[in-house]
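Undergrad: Make a model of this:
(2 chains)
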Amino acid sequence: MAETITSCGINQTGFDEFLQSRDEPGWLLDLRRSAWHSFLKMDWPTRREEEWMRTDIRLFKPDNFSLPGELPENVNLPSAYLREGVELGGYSSSLDSRSVEASIGKKWADKGVLFGSLGRLVSEHGDLIKEHLFTRAFNPNYDRFATLHAACWSGGTLLYVPRGVVVDQPFHTLSAMSDGGVDFGHTLVILEEGAEVTLLADMASGDDNHGGFHCGATELLVAPGANLRYVSLQDWGQRVWHFAHQKALVDRDASLQWTIGAMGSRLAKVNQHVGLVGEGANVQVNGVMFTEGKQHLSYHTLQHHEAPSCRSDFLYKAALQDNSRTVWRGMIQVDKGAQKTDGYQRNDNLLLSPKARADSIPGLEIEADDVRCTHGSTSGRVDEELIFYCRCRGFTRKEAIRAIVTGFFQQIFDRVTIESVRDALGLAVARRVRDYE
Amino acid sequence: MADFVEVANVTEIPDPGKQLLEVDDRLVVLFHVGGEFFCIDDVCTHDDGPLSDGDLQDHTIACPRHGAKFDIRNGKALTMPATEATVIHETKVDGDLVFVKINER
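TA: Numbers count the residues shown, from 1 in each chain, chains lettered A, B, ... in the order given. Down below sits the predicted model:
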């Protein structure tokens, strides 16, 4: 489907122009209008709300940005680290929320797998998308960012794997943003019963100094017995505002391994929600955060056990330098009927500078009486004795700190089974570590 | 290195009084007390509370969230739960105009 619109502001006129340019099914346009209506009625979140108390967005100026516009003539995409050395089953890329290219291997297309730009595929596969888009996972009325996304999402990614199809080649998607651009991409992954696939997602700006506005959402729908590995690496420029709602629903005996790398952006506020909705569901979440300068990364996770005998295991590790800041707020919620739950959450923070700050707030809400739920959090500075030990063996101070930081993240790298992902995360961390006295 | 930036007219802020300002992509509070101007970050070092919403008593501002108090002249934390000073910024008055120089810390 052709997506040709000019860039328009985040206001009624801009939305009307955006809508007129969309060649989309009526149900989707109605969905957008309804979300826009909610957007107009809501206010931006303030620090009076518990969830936003530690995340100050008063300097965020939405008027400085426009809704997704036309693809520029010269498309220069940044490097995509996650795909290096990987034989892919398909790939897609977008710039400023406009699809640039998409391809899927014939082998997988013949088996009924769908992959590419959600914005383009919605015309051909409207019925499938209508059944899942915003219906079970993503709540378009959660807050004003969610309503804006629901009204104005563009580009994005669809990955659909039919019943019983096991895809042994990863798919890759790159969402790129130009300086001052926007990314309103929506990721929709649908795995039918017994399906299996891996999706690698890079988000990147062309330069560390670039600005922009990401207002995105992710829906991962994993049917009974299916197996999804999803990896996302957020490496926007350090002037980008990043707001995202991400939710996975994992059904009976299905499994999800979700790995997140959060390196870029000026300020990030992410809600990551996993619902274990079928008996025996198994979820592992790995989070790697590295912050520097005045970056502020805020992650709010929820592992919601709605069914019995499910297992969830969340591990977030953050290393902070300069004046940067992280906020991690995690919750394990266990419903009354979710007996035999095994829930775990942990957040470790390594403070590389005296001015860095990490807020860690783990929580439990348990209504069942036969569960095992544990959580923990650690925050601390680099041990000078370890540095001394390394230096005695010929390391420079910087090499010593880099080795200690790598060791700090090793626990997560060991859990990640995809070599390119381990390499990309390790490289992203290593190139950021600076020398500290 | 930041330069002095014109932020207000002397008469705009009552004495005693305060005003939230955005200077060089940073939120700061400008105070007018006893004929002098002072400027600090709009951040309580305990819990990031907005000091601009707090009560001003002489040269002391109280965080509206948990009551931590700061000296607006030097940023020092005066009471628990804050233990670290908040960042102060240099001010100067030239004629009728108030200028602030952002401390890059």
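Undergrad: count of neighbours near residue 23?
TA: No chain in the question, so chain A it is. Residue A:23 has 12 neighbours, counted by other C-beta atoms under 10 Å in any protein chain shown. The way it works is simple: take the backbone N, C-alpha and C, and place the C-beta from them, glycine included.
Undergrad: The intended chain is chain B.
TA: Residue B:23, neighbours per other C-beta under 10 Å, totals 18.
Undergrad: And for the one helix or strand in chain A whose mean pLDDT sits lowest, what's in contact with it?
TA: In chain A, the helix or strand scored least confidently by mean pLDDT, DSSP states H and E is strand A:8-9, which has a mean of 76. Residues from elsewhere that reach strand A:8-9, judged by C-beta atoms under 8 Å, 6 or more residues apart in numbering or on different chains: A:14-15, A:17-18, A:63, A:65-67, A:69.
Undergrad: So which bits of chain A are right by chain B?
TA: A:47, A:53-54, A:56, A:58-59, A:323, A:355 (C-beta under 8 Å from any C-beta of the partner chain).
Undergrad: quick one on the thing from earlier: which one of the contacts of strand A:8-9 is nearest to chain B?
TA: Closest to chain B out of the contacts of strand A:8-9 is residue A:63 (14.0 Å), distances taken as C-beta to the nearest C-beta.
Undergrad: Name the SS class of the closest one, please.
TA: The three-state assignment at residue A:63 reads helix, by DSSP: H, G, I helix; E, B strand; the rest coil.
Undergrad: OK, contacts around the one residue in chain B that gets nearest to chain A?
TA: Closest to chain A within chain B is residue B:48: 5.4 Å, counting by C-beta to the nearest C-beta. By C-beta under 8 Å, 6+ apart, the contact list for residue B:48 reads A:47, A:53-54, A:56.
Undergrad: repeat for residue A:391
TA: Counting by C-beta under 8 Å, 6+ apart, residue A:391 touches A:397, A:400.
Undergrad: how much space between it and chain B?
TA: Look at residue A:391 and chain B: by C-beta to the nearest C-beta, to the nearest Å, they are 29 Å apart.
Undergrad: Drop anything exposed from the residues of chain A next to chain B.
TA: By neighbour count, with 16 or more other C-beta atoms under 10 Å in any protein chain shown, those hold A:47, A:53-54, A:56, A:323 as buried.
Undergrad: before we move on, back to that, run through who's touching the very next helix or strand once past the least confident helix or strand of chain A.
TA: Following strand A:8-9 in sequence order, the next helix or strand is helix A:12-20 (DSSP states H and E). With C-beta under 8 Å, 6+ apart as the test, helix A:12-20 has contacts from A:5-6, A:8, A:29, A:32-33, A:36, A:40, A:66-68, A:151-152.
Undergrad: Where does confidence bottom out across the residues you listed?
TA: Across the contacts of helix A:12-20, the bottom pLDDT score, 43, is held by residue A:5.
Undergrad: Any buried residues in stretch A:209-224, and which?
TA: A:210-224.
Undergrad: Among these, name the ones in strands.
TA: A:211-222 (DSSP state E).
Undergrad: Can you name the two of the residues you listed that sit furthest apart?
TA: Greatest spatial distance among these (C-beta to C-beta): A:211 and A:222, at 34.8 Å.
Undergrad: Give me the pLDDT value at whichever residue of chain A sits closest to chain B.
TA: When scored by C-beta to the nearest C-beta, chain A has residue A:54 as its residue closest to chain B, at 5.4 Å. Note for residue A:54: predicted pLDDT of 92.
Undergrad: got it, and residue A:418?
TA: 86.
Undergrad: Give the burial count for it, as a bare number.
TA: Residue A:418: 17 neighbours (other C-beta under 10 Å).
Undergrad: just residue A:195 next, same as before
TA: Counted with other C-beta under 10 Å, residue A:195 comes out at 23.
Undergrad: Contacts only, for it.
TA: Contacts of residue A:195 by C-beta under 8 Å, 6+ apart are A:161-167, A:223, A:226-227.
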